[in-house]
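Undergrad: Generate a structure from the sequence data that follows.
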Amino acid sequence: MTGKKSGPDEDAAKEMSVREAGKKGGDTVRDRYGSTFYEEIGRKGGKATRDRHGVEFYESIGQKGGKVVKEKYGPDFYEEIGHKGGQKVKKLIAEAKKKRADEASEKG
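TA: Okay, here's the model as predicted:
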């Protein structure tokens, strides 16, 4: 022991979990560079991975992930989420058409 007393900052840092530290760091990066920063680095990382491993790599990991999801939730899961997605798209299209009609009636 060095005889040095720990201050409140050191005690808080010791009690912070890895998850909390990661969130704190991520929030700091977002505040400094903006949320689009993550989109940009994700796109660059995806392109670098594609260039290094080829498109087949993504096909392979997609199939592996799909197999795991199928084993976990069953084959009907895809039908359910497909239906939900289709209903969401249908709703969004109807809302867009209504908005367009409302705007046209306001102008004319």
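Undergrad: Would you tell me which helix is longest in the chain?
TA: Secondary structure of the chain per DSSP state H: the longest helix is helix 76-107.
Undergrad: tell me which strands and helices that one is in contact with?
TA: helix 55-73 (3 or more Cβ pairs under 8 Å, 6 or more residues apart in numbering; DSSP states H and E). C-beta here means a position set from N, CA and C on the backbone, and glycine is covered the same way.
Undergrad: got the contact list for the helix it packs on?
TA: The contact list for helix 55-73, computed with Cβ atoms under 8 Å, 6 or more residues apart in numbering, reads 49-50, 77-78.
Undergrad: Specify the angle between that helix and helix 76-107 in degrees.
TA: 110 degrees (axes from the mean of the first three to the mean of the last three Cα atoms, to 10 degrees).
Undergrad: Below-threshold pLDDT in this structure: ranges please.
TA: Filtered on pLDDT under 70, the chain yields the residue ranges 1-14, 108.
Undergrad: before we move on, back to that, centre of the chain versus the longest helix of the chain, how much separation?
TA: Helix 76-107 has its C-alpha centroid displaced from the chain centroid by 22 Å (Cα atoms, centre = their mean, to the nearest Å).
Undergrad: now do stretch 43-62
TA: That offset, for stretch 43-62, works out to 17 Å (Cα atoms, centre = their mean).
Undergrad: gap between the two ends of it?
TA: End-to-end distance for stretch 43-62: 17 Å, by Cα to Cα, to the nearest Å.
Undergrad: Name the residues of that stretch that are buried.
TA: Judged by neighbour count using 16 or more other Cβ atoms under 10 Å, stretch 43-62 contains no buried positions.
Undergrad: circling back to that earlier point, dump the contacts of helix 55-73 into a markdown table; add distance to residue 22 as well.
TA: Below are those laid out as a markdown table (distance: Cβ to Cβ, whole Å):
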| residue | distance to residue 22 |
| --- | --- |
| 49 | 22 |
| 50 | 26 |
| 77 | 30 |
| 78 | 32 |
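Undergrad: Out of the residues you listed, which two are the most distant from each other?
TA: Pairwise distances across the contacts of helix 55-73 (Cβ to Cβ) peak at 27.9 Å, for the pair 50 and 77.
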